[in-house]
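Enquirer: The sequence and its predicted three-dimensional model are supplied below.
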Amino acid sequence: MSLTGVHGYVVGVLLIGTWATVCGWSLALRFTRYEHTPTFWRVVSFGQILLALQLLVGLVLLVLGRRPGPQGGGATLAFHLAYGVVFPLIALVVGHRVARDGRYNPHGVFAVVGLVCFGLTARAFMVGLSGV
């Protein structure tokens, strides 16, 4: 399988699925009021590691001259990077700060973060396949 296939279909689909799992799992934890959830936080860490891996593979593809979408234009690249890396990182940083603040239930916070990251990475996947 090519590096593009790994970036898009292996790690990309796994990343989207991981954020969907985080969203659903954190909602279940929020409503059942579980407190001690180390496995859940490992899955959140796994999603963050996958996001970093996607960034690294994507940067390698950029260096090799590959661009997202069939035309590979600048707008497509900007949207792909914004949806795939920049906005999910912002959501994760804000989510971690809000969850550590203690005013809100951390599982409730990460239900929102998981949903936002799921939507953003899914949109990055769509932009990468078809352009803007």
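Expert: Arrived safely, thanks for sending. Numbering: from 1, shown residues only.
Enquirer: Please identify the helix or strand for Phe46.
Expert: helix 38-63 (DSSP states H and E).
Enquirer: who does that helix touch, helix- and strand-wise?
Expert: In this structure, helix 38-63 packs against helix 3-5, helix 12-32, helix 87-101, helix 106-130, with contacts taken as 3 or more CB pairs under 8 Å, 6 or more residues apart in numbering; DSSP states H and E. Any C-beta I mention is one placed from the backbone N, CA and C, and that applies to glycine too.
Enquirer: His63: how many residues sit nearby?
Expert: If you look again at residue 63, you'll see it is Val, not His. Using other CB atoms under 10 Å, the number of residues around Val63 comes to 8.
Enquirer: What lies in contact with the lowest-mean-pLDDT helix or strand in the chain?
Expert: Every helix and strand in the chain was compared by mean pLDDT, DSSP states H and E; the lowest is helix 3-5, with a mean of 85. With contact meaning CB atoms under 8 Å, 6 or more residues apart in numbering, helix 3-5 is reached by 57, 60-61, 64, 66.
Enquirer: what does stretch 24-38 give?
Expert: 40, 43, 105, 107-108, 110-111, 114.
Enquirer: and those residues, which are buried?
Expert: Among those, those classed as buried by neighbour count (16 or more other CB atoms under 10 Å) are 40, 43, 107-108, 110-111, 114.
Enquirer: Farthest pair within these?
Expert: Spatial extent of the buried ones among the contacts of stretch 24-38 (CB to CB) is set by the pair Val43 and Gly108 at 16.3 Å.
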